[in-house]
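Novice: sequence plus predicted model, see below.
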Amino acid sequence: MIKKMMYIIFFSFVSSQIENISVDDIINKMDKNLNAKSRVLKSKMVVHGRRSSRTIESKNWVIGTSKSFTEYLSPAREAGTKMLKLGDRLWTYSPQTDRVIQISGHMLRQSVMGSDMSYNDMMEDRPLQEIYKATITGSETKEGRDQWVITMEAKVIGLPYPKRKTWVDKEYFLPLREELYAKSGKLLKTATLKDIKNIQGRWFPGKFIYKDELKRNSKGTEWIIDNIEFDIKIPTSRFSKALLRK
Amino acid sequence: MLFKIALKNLLGARLRTFLNVFVTCISFFMIIFITGLYDGMRQHAKQVTIDTEIAGGAYWHPLYDPSDPMVFEDSHSTLPPKIKDLVNDNKAVPILVSQAAIYPNGRIMPVIMKGIHPSQNIVSMPTNTLEKNKDINIPVLIGKGMANNTKLNIGDSFTIRWLDSDGTYDADEGTVVHIMDTENFKLDIGHIWIPLKKAQKMLALENEVTYVSYAIGEKKIKNLGSWIHRDVDYLIQDIEAAIEADKPGNQIMFTILLSLAAMGIFNAQVLSIFRRGKEIGTLMALGMTRSKVVGLFTLEGGINAVLASALTLFPFGLIFWWTAEHGVPMPMDYSEMGFMIAKQLMPVYSFSLIATTTVLVFFIVIIVSYLPSRRIARMKPTNALKGKTSI
C-alpha cells in the first residue's frame, strides 16, 4: 500500500512538472529536436497538383540553421539542380541554363519547385523564441496524443507570418500541426508532422505535409525523409558557391 | 512617237499585257493594303494606350520598371510637391503598383494589383465603379480577359493575398464590382484594380504611389528631383517595337509579290526581244537609233506600271475606300493574346504610303524592263532583219 502511494506521489509529481513546464522550455526542446549541429538527409518531395503528382528526390547537407546545400537527384528534369543557403542569402543553379542565380526580394515568395512551400518558408531559420511571443493557450488530446496548443504572436516587424498556432506533442516535444496566419487573421498555410521516430536519441518526423490553405481541394506538398543522420562532420567546402556548378 | 508605238505594241499583246498588268496591280494592292492595315493597327494601339493608360505622359518613381515586377516592392514613395499639386488639381492620376496572389475558385494566380483614384478622369477607365459599393471590403475592377481567365463574374468574391511594406503576409476577400471591356490588354490580363486609398492601407504605404499619369496638354514639370518624366513616345515604344518586329515577315511577302510582277515583266521583255527581232531590225534600218529602241522597250514596261496603277485605282480603289470607311472585321478578340488590335481594324492609307509604293513599283518595273532591252544595243541591224536574235 505504501509502495502504491509512493508511486502515485512520484507520478503526479512528474506529470505536474511536465504540466508546469514553461512555454520557452517547450519551444527550446522543440528547436533542439528539429535542429542539430549538422545533418545529412535524403528526402522526397511529393507535390500534389490538381490532376497529377510529382515526386522530387533530393539530398541535403545542413549545418545549424544558417548553412544548407541541396542537390536534386530526380526526376531527370530537376536532376542536377542545386540550392545553396548561407545565412539570409540563397542561390540556385540550374544545369539547363548553367547559371547560378541569387534568389532575393520578391523571388523569395515564389514556390519551390511548384510546391506549397515558398523560398521564404525555407529561409526562415531564426529561433522562434527570438521572433515570437509564445503562450500556451490550451491542452488537447488528438489521435491519442496529448498536445499543448501554443499561440505565437510576432514580436518583431517584418515576419511573413505574424501569427502561428502550434500543437506540440507532450512526449516528443515536436509540433504535430502548425497553422500560419495572415495579418488579418486568415489562415494561410498549415504544416503537419507525421511518422515521428527516434533517431540518434532525438524525436524527428518522417513526413512533413505543407498546405496552402487558400487553395481549394489542395492536397498540399509532402516532404518525406528517407534517411537522416545527425551531427556528422560536413566539410565547409560543401557550402561553397563553386560547388553549385560541379 | 515612241509612246504611241509602245502603247500600240502593248495593246496588241492583249492577254500577255493583261496578265503582267494584273500581277503588278495585285502587288500594288497588297503592299498598300497590308501596310495600311499595319499603320492603322499602330495608330489604333497608340490611341488606345493614350486614352486608357498614359494620357499626356507619366512621372515614374525612379525604381519603377513596368516590365520587372521584382522591383515593384521598392518602387513607391510620396509624390514630389509639384506632381502632388497636379494631382490635387485633378490634372493627374496617381497609381500604386504591387504584386499579389489571388485565389479565384480556389486556384492560385499571381497578379499585379494597382490602386487608382476611383473618381479620376485622366484615363478612360471605368474606375468610378470602384466607389459605387461602399459596403464592399475590397472592391475590384477587372478586365474582360482577366474575367475569362479566372471565371469571375460581377459580384464574385475571391481571396487576395499580398505582402505589406514590412514583408508580412496579409489576405482578405475582394469582390468584383465591374468587368471592363478594354482593348488595352496591359490594363486587363493579370491585373486587378482597387481604390488607391484601400491599396495604400493594405500595403501600409500611406500616401505613397508608384507612378502618375497626367492629362493631355499638361506641360512637362521641370526639377522633379529623382522622379522620372516619361513622354508618350517613350511609353508606346513597346507597341512600336512589337509592330516593327512583324515588319520583316511583311517585307518578305512584299518582295515575293514584287518579284512575281517583276519576273512577269522581265519575261515578257525577253520574249519580245526574241520574237520581235525583225521589228527591231526594221526600226534600226529605218533610222531609229539603238538607244531609242531600248527606250521603246523600257517605255513599254513603264506603261505596264501605269496601267497597273490605273487598275489598282479602279476596282481595288473601291476596296481601299470601303475598308477605310468601315474597317476590316477581325475574326477574334486578340486582346487576350496580348495584342492591342481593334475588333474592327481601320486601315490608314496615307498619301506618303501610296506615293512611296507607286515610286517603288515604277522603279522596279522600269529596271526589269530596261535590263533585257540593253541587249538590243549589241544587235546588228542586218542580223536583226534576218531574225538572228541571240539573247
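Specialist: That came through fine.

Novice: how much space between A:Asp226 and chain B?
Specialist: Distance of A:Asp226 to chain B, given as CB to the nearest CB, to the nearest Å: 29 Å. Just so you know, the C-beta spots here come from the backbone N, C-alpha and C atoms, and that holds for glycine as well.

Novice: burial measure for B:Thr255, as a count.
Specialist: 11 (other CB atoms under 10 Å in any protein chain shown).

Novice: also B:Val123?
Specialist: 20.

Novice: secondary structure element holding it?
Specialist: Using DSSP states H and E, B:Val123 maps to neither a helix nor a strand.

Novice: show me what contacts it?
Specialist: Counting by CB atoms under 8 Å, 6 or more residues apart in numbering or on different chains, B:Val123 touches B:Asp51, B:Thr52, B:Glu53, B:Ile54, B:Ala55, B:Val93, B:Ser213.

Novice: out of those residues, what pair is the most spread apart?
Specialist: B:Asp51 and B:Val93 (13.2 Å; CB to CB).

Novice: these two: which is more packed in?
Specialist: More crowded of B:Asp51 and B:Val93, by other CB under 10 Å: B:Val93, with 25 against 16.

Novice: SS state for that one?
Specialist: strand (DSSP: H, G, I helix; E, B strand; the rest coil).

Novice: pretty sure it contacts B:Gln120?
Specialist: Yes. With contact defined as CB atoms under 8 Å, B:Val93 reaches B:Gln120; the gap is 4.0 Å.

Novice: buried residues in the helix or strand where B:His229 lies?
Specialist: According to DSSP H and E, B:His229 maps onto strand B:228-230. Within strand B:228-230, the residues that qualify as buried are B:Arg230, counting by 16 or more other CB atoms under 10 Å in any protein chain shown.

Novice: same question for stretch B:258-270.
Specialist: B:Leu258, B:Ala261, B:Ala262, B:Gly264, B:Ile265, B:Phe266, B:Ala268, B:Gln269, B:Val270.

Novice: repeat for stretch B:124-139
Specialist: For stretch B:124-139, by 16+ other CB under 10 Å, it's B:Met125, B:Thr127, B:Thr129, B:Leu130, B:Ile136, B:Ile138, B:Pro139.

Novice: least confident of those residues?
Specialist: In terms of pLDDT, B:Ile136 ranks lowest among the buried residues of stretch B:124-139, with 90.

Novice: which SS state does the residue lying closest to it once chain neighbours are set aside fall under?
Specialist: Of all residues not flanking B:Ile136 in the chain, B:Thr175 sits nearest, at 4.8 Å (CB to CB, 6 or more residues apart in numbering or on different chains). For B:Thr175, the assignment made with three-state DSSP gives strand.

Novice: B:Thr175: how many residues sit nearby?
Specialist: 17.

Novice: enumerate the residues of chain A near chain B.
Specialist: Chain A comes close to chain B at residues A:50, A:105-107, A:109, A:154, A:157-162, A:182-184, A:186, A:188, A:212, A:214-218, as judged by CB under 8 Å from any CB of the partner chain.

Novice: how far does stretch B:313-326 sit from the chain's center?
Specialist: Averaging C-alpha positions (CA atoms, centre = their mean, to the nearest Å) puts stretch B:313-326 20 Å from its chain's average.

Novice: show me the strands in chain A, by range?
Specialist: Under the criterion DSSP state E, chain A contains strands at A:38-48, A:53-63, A:67-74, A:82-86, A:89-94, A:99-103, A:132-142, A:145-154, A:163-169, A:175-181, A:187-199, A:202-212, A:221-230.

Novice: what packs against the last one?
Specialist: Counting contacts by 3 or more CB pairs under 8 Å, 6 or more residues apart in numbering or on different chains; DSSP states H and E, the secondary-structure elements packed against strand A:221-230 are strand A:38-48, strand A:202-212.

Novice: again with the third one
Specialist: Packed against strand A:67-74 by the contact rule (3+ CB pairs under 8 Å, 6+ apart) you find strand A:53-63, strand A:82-86.

Novice: dump those strands to JSON lines, plus mean pLDDT.
Specialist: Shown next, in JSON lines, are these (pLDDT from 0 to 100):
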{"stretch": "strand A:53-63", "mean pLDDT": "92"}
{"stretch": "strand A:82-86", "mean pLDDT": "91"}
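
Novice: of all those strands, which one comes closest to B:Met332?
Specialist: Nearest to B:Met332, of all these, is strand A:53-63, at 34.3 Å by CB to CB.

Novice: can you list the domains in chain B?
Specialist: B:2-50+B:238-386, B:57-230 (automatic domain parsing).

Novice: and these as JSON lines, adding distance to A:Tyr119?
Specialist: Listed next are those as JSON lines, based on distance: least, CB to CB, whole Å:
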{"stretch": "domain B:2-50+B:238-386", "distance to A:Tyr119": "28"}
{"stretch": "domain B:57-230", "distance to A:Tyr119": "13"}
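
Novice: now, of these, which is deepest in the fold?
Specialist: Scoring these by mean neighbour count under mean count of other CB atoms under 10 Å in any protein chain shown gives domain B:57-230 as the most buried, with a mean of 18.

Novice: quick check: end-to-end length of that one?
Specialist: 6 Å (CA to CA, to the nearest Å).

Novice: swap in stretch B:130-146?
Specialist: End-to-end span of stretch B:130-146 (CA to CA): 17 Å.

Novice: centre of the chain versus that stretch, how much separation?
Specialist: Using CA atoms, centre = their mean, the offset of stretch B:130-146 from its chain centre is 32 Å.

Novice: which residues does it contact?
Specialist: The contact list for stretch B:130-146 (CB under 8 Å, 6+ apart) reads B:116, B:118-119, B:125-127, B:129, B:150, B:152, B:160, B:172-182, B:185, B:187-195, B:198, B:202, B:335-336.

Novice: B:Leu63 contacts B:Phe72, correct?
Specialist: No. If you go by CB under 8 Å, B:Leu63 and B:Phe72 don't touch, sitting 9.0 Å apart.

Novice: ok, B:Val209 to B:Thr182 distance?
Specialist: From B:Val209 across to B:Thr182, the span is 22 Å (CB to CB, to the nearest Å).

Novice: ditto for B:Pro80
Specialist: For B:Pro80, the distance to B:Thr182 - CB to CB - is 30 Å.

Novice: repeat for A:Met122
Specialist: From A:Met122 to B:Thr182 the distance is 39 Å (CB to CB).

Novice: nearest residue to the most centrally placed residue in chain B other than its sequence neighbours?
Specialist: Central residue of chain B (CA atoms, centre = their mean): B:Arg42, 2.8 Å from the mean position. Leaving aside its chain neighbours, B:Arg42 sits nearest to B:Ile243 (5.1 Å; criterion: CB to CB, 6+ apart).

Novice: tell me the secondary structure at the one you found.
Specialist: B:Ile243 - assigned by three-state DSSP - is helix.

Novice: now do the same contact list for B:Thr182.
Specialist: B:Thr52, B:Met125, B:Gly143, B:Lys144, B:Asp188, B:Ser335.

Novice: just the closest residue of chain A to chain B, please.
Specialist: A:Arg216 (2.2 Å; CB to the nearest CB).

Novice: which pLDDT does the model give that residue?
Specialist: pLDDT, read off for A:Arg216, is 82.

Novice: OK, contacts around it?
Specialist: A:Arg216 touches B:Tyr103, B:Asn105, B:Gly106, B:Arg107, counting by CB under 8 Å, 6+ apart.

Novice: Throw the residues you listed into CSV and include secondary structure and distance to B:Asn9, thanks.
Specialist: Formatted as CSV, the contacts of A:Arg216 follow (DSSP: H, G, I helix; E, B strand; the rest coil; distance: CB to CB, whole Å):
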residue, secondary structure, distance to B:Asn9
B:Tyr103, strand, 77
B:Asn105, helix, 74
B:Gly106, helix, 78
B:Arg107, coil, 73
